[in-house]
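J.: build the 3D model from these lines:
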Amino acid sequence: MRLNIVILFMGSRGDLQPSLAVAKLLQRRHGHRVRIMSHPPYRDAVEAAGVGFCSIGRTDIKTMMERRLLPREELNKLVPTIRSDFRDMGERGQIPSGDEVRRQRRPGQRREPRGHVPRLVTEPVQPGGRPLHVPLVAAPAPEADGLA
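T.: Sure thing, here's the model as predicted:
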């Protein structure tokens, strides 16, 4: 079965390499359609590796790196800003927003039905290309970055 996979990446350039390796393995060995969703400055590196790219939007690398170097207490203060970044991605249709998840529920239903995952839709890789409809976004676990 061929899957549509998006790997959400929000690390440094050096951290990008393992995500690219996984993406290329999934494409070449297993025939899946894979894109990396990350910051715009990484577009060239991702596309040069032969992997599709979609932008997460406005956060630049300098800001991202500054956040990464902050102590845990400072990171906790950034949670509202990070939530806002993800809300913006939801408004652009890149990830399902909380409102979108709630709209997909039946009246009176508190949780999603078992096995239900809101879909992510990415922009086409090439003009006139087709968007990628993805039921799953893979992202590194927080403990991988020492944030757990």
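J.: pLDDT weak spots in the protein?
T.: Flagging of the chain using pLDDT under 70 yields the residue ranges 58-61, 64-65, 67-68, 70, 75, 78, 82, 86, 89-148.
J.: mind listing the helices for this protein?
T.: 13-28, 43-48, 61-68, 72-91, 98-103 (DSSP state H).
J.: my guess is residue 37 contacts residue 5, does it?
T.: No. Counting by C-beta atoms under 8 Å, residue 37 stays clear of residue 5, with 10.5 Å between them. (C-beta placed from N, C-alpha, C; glycine too.)
J.: so between the two, which is more surrounded?
T.: Just comparing residue 37 and residue 5: by other C-beta atoms under 10 Å the higher neighbour count belongs to residue 37, 26 against 22.
J.: distance check, residue 34 against residue 2.
T.: Residue 34 sits 11 Å away from residue 2, taking C-beta to C-beta, to the nearest Å as the criterion.
J.: typo on my end, residue 50
T.: Residue 50 is 17 Å from residue 2, by C-beta to C-beta.
J.: and these two? Which one has more around it.
T.: residue 50 (12 against 8).
J.: residues contacting that one?
T.: When contacts are counted by C-beta atoms under 8 Å, 6 or more residues apart in numbering, residue 50 touches 24, 27.
J.: how near is it to residue 35?
T.: For residue 50 relative to residue 35 (C-beta to C-beta), the value is 12 Å.
J.: same question for residue 6.
T.: Distance from residue 6 to residue 35, counting by C-beta to C-beta: 5 Å.
J.: what do you get for residue 10?
T.: From residue 10 to residue 35 the distance is 15 Å (C-beta to C-beta).
J.: okay, these two: which has more neighbours?
T.: The neighbour comparison of residue 10 against residue 35 (other C-beta under 10 Å) goes to residue 35, with 23 against 19.
J.: show me what residue 53 bridges to in the sheet.
T.: The partner list for residue 53 in beta bridges (DSSP bridges) reads residue 36.
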